[in-house]
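Engineer: Coordinates only, no sequence provided:
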């Protein structure tokens, strides 16, 4: 399969529920999207792109438009535009592992491997069993490990600025050669074996990076410190040791080292960002701001950097600039610290709303959730909770809108699909209910009640064979619910599969021996099979259990009439009418 074919297959599901999901979109956006979709289906990707962009402009949270646009841009080879659209699309549907994986592959294609690693790990967070992502992650990590080894080899060589003494030079060169061959233990033993005084920083720097390769962190720190005792301006030692201290949350110790390294190499974006974050974590917010500004001018798509810039402005009292930076962070994506902040805030709102819902104060819960959504419109869980509360107060239209928004943000939200299915089921719009109930199953909620509701939907639209399929699934999922067997029996009765119908009804009676409707429908099956005496015998079982059950006499009346015993038929019919006058008709 070609790369384009693989990419194309990922988007196949995009069109599965398009017509239903569009109800939650703005009309102008939906109109532009539909035109773009027509071009897409014709494989005219260039023509589709402007319409899809227009749909997004009119509705910035139009998930399906983003998915279609990404597909078109890939097919048209416009990779330079993809990053922003991928990040926005993922921010709308953060749990869509295939989308996240595809984004990682874009970065691999662009040779931005560190960013690819971030998204591959995110894909595995969503699904730890995502084999394709795991294989890609391993491949990138192996590539970067090899590349870093080459960089360290080069750096070690660069700092070999005249190691003095014939024996020292010999030991150093042999150790460097072993390091290049990844024989770190042998290299370290050589370096440690040299007992004479060493006054060259490169010797200890080689020892430090060797210790790091062996995972001996404390020994590496000691060797870096000895390097800096001999050369306090040593760039790599300052940078590496500063990084170690930062990762250990020793921010006050990391700062001077990173600052010294930065003085030597101000065009190093990784170092600039690390220094900005170290100032931020050290609560030096005022000092951190210019570094974040410089970094975001160089890297304009880093949501986390804008978030920390926002928090730095907030801490220094500049709310206006804080808000601007925060909005930019949200626009770029919800990852890292920003994700934590948004999740924490959204969770607080959800907790407050839940407390009111449990107390029956649904209107108060609605008010809290509506406020939350003004700040966290991308949180599918908030829309879902709001939809549930609207149902509680009887506002099904608004509930429907919120559930539609939920699945637009999170296409794997099974409970929201189920809720939408129930909304349409209750409105007797069974065809639409079927679509959403099927989406519930596809999203992983293989529930007996869902199968039963699907069976009912097909039954009500007179598609009895399909009804039988889903009633059967319901009974297989939960064999202890008599109503599932009863539904299956009625579907078989409609398709004149009378023996199957009788068998299902008998199973319902095993679960509830007093289920008189099951007895009655066994009678109906026997009458249609022209087994009239069996029908009468079954009706007599009903009478034995409840002599006031009118349908039993009605069944006997039909059976006797078909047998030509008209007096018996009339007698039983009169009994039925006496118990239920409506049967006279």
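Structural biologist: Nice, thanks for sending it over. Please read all numbers here as calculations on a predicted model, not as lab measurements.
Engineer: What is the subsequent helix or strand relative to the stretch of helix or strand residue 490 belongs to?
Structural biologist: Residue 490 is part of helix 482-494, with elements assigned from DSSP states H and E. Using DSSP H and E, the helix or strand that follows helix 482-494 towards the C-terminus is helix 498-511.
Engineer: I'd like the average pLDDT over that next one.
Structural biologist: In this model, helix 498-511 has an average pLDDT of 95.
Engineer: Give the buried residues for that helix.
Structural biologist: 498, 500-505, 507-509, 511 (16 or more other Cβ atoms under 10 Å). Just so you know, the C-beta spots here come from the backbone N, C-alpha and C atoms, and that holds for glycine as well.
Engineer: Repeat that for stretch 40-55.
Structural biologist: Using 16+ other Cβ under 10 Å as the burial criterion, the residues of stretch 40-55 that qualify are 40, 45, 47-49, 51-55.
Engineer: what residues does that stretch touch?
Structural biologist: Here stretch 40-55 makes contact (Cβ atoms under 8 Å, 6 or more residues apart in numbering) with 29-30, 32-33, 35-39, 62, 65, 68-69, 71-73, 75-76, 78.
Engineer: How far away from the center of its chain is it?
Structural biologist: Centroid separation between stretch 40-55 and its chain, computed with Cα atoms, centre = their mean, to the nearest Å, is 26 Å.
Engineer: Just the contacts of stretch 40-55: which are in helices?
Structural biologist: 29-30, 32-33, 35-39, 65, 68-69, 71-73, 75 (DSSP state H).
Engineer: Out of those residues, which comes closest to residue 206?
Structural biologist: residue 73 (46.8 Å; Cβ to Cβ).
Engineer: Find out how far the one helix or strand residue 304 maps to is from the centre of the chain, if you would.
Structural biologist: With secondary structure defined by DSSP H and E, residue 304 is part of helix 303-315. Taking Cα atoms, centre = their mean, one finds helix 303-315 lying 26 Å from the centre of the chain it belongs to.
Engineer: what packs against it?
Structural biologist: helix 269-281, helix 285-298, helix 319-332, helix 336-358 (3 or more Cβ pairs under 8 Å, 6 or more residues apart in numbering; DSSP states H and E).
Engineer: Contacts for the third one next, please.
Structural biologist: When contacts are defined by Cβ under 8 Å, 6+ apart, helix 319-332 is touched by residues 84, 87-88, 91, 301-304, 306-307, 309-311, 313-314, 338, 342, 378.
Engineer: And the buried ones among these, selectable in PyMOL?
Structural biologist: In PyMOL, this line selects whichever of the contacts of helix 319-332 come out buried by 16+ other Cβ under 10 Å:
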select buried, resi 87+88+91+302+303+304+306+307+309+310+311+313+314+338+342+378
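Engineer: Check which helix or strand residue 139 maps to.
Structural biologist: Residue 139 belongs to helix 131-158 when assigned by DSSP H and E.
Engineer: contacting residues around the residue nearest to the spatial centre of the chain?
Structural biologist: Nearest to the mean C-alpha position of the chain, by Cα atoms, centre = their mean, lies residue 95 at 1.4 Å. Counting by Cβ under 8 Å, 6+ apart, residue 95 touches 126, 410, 412.
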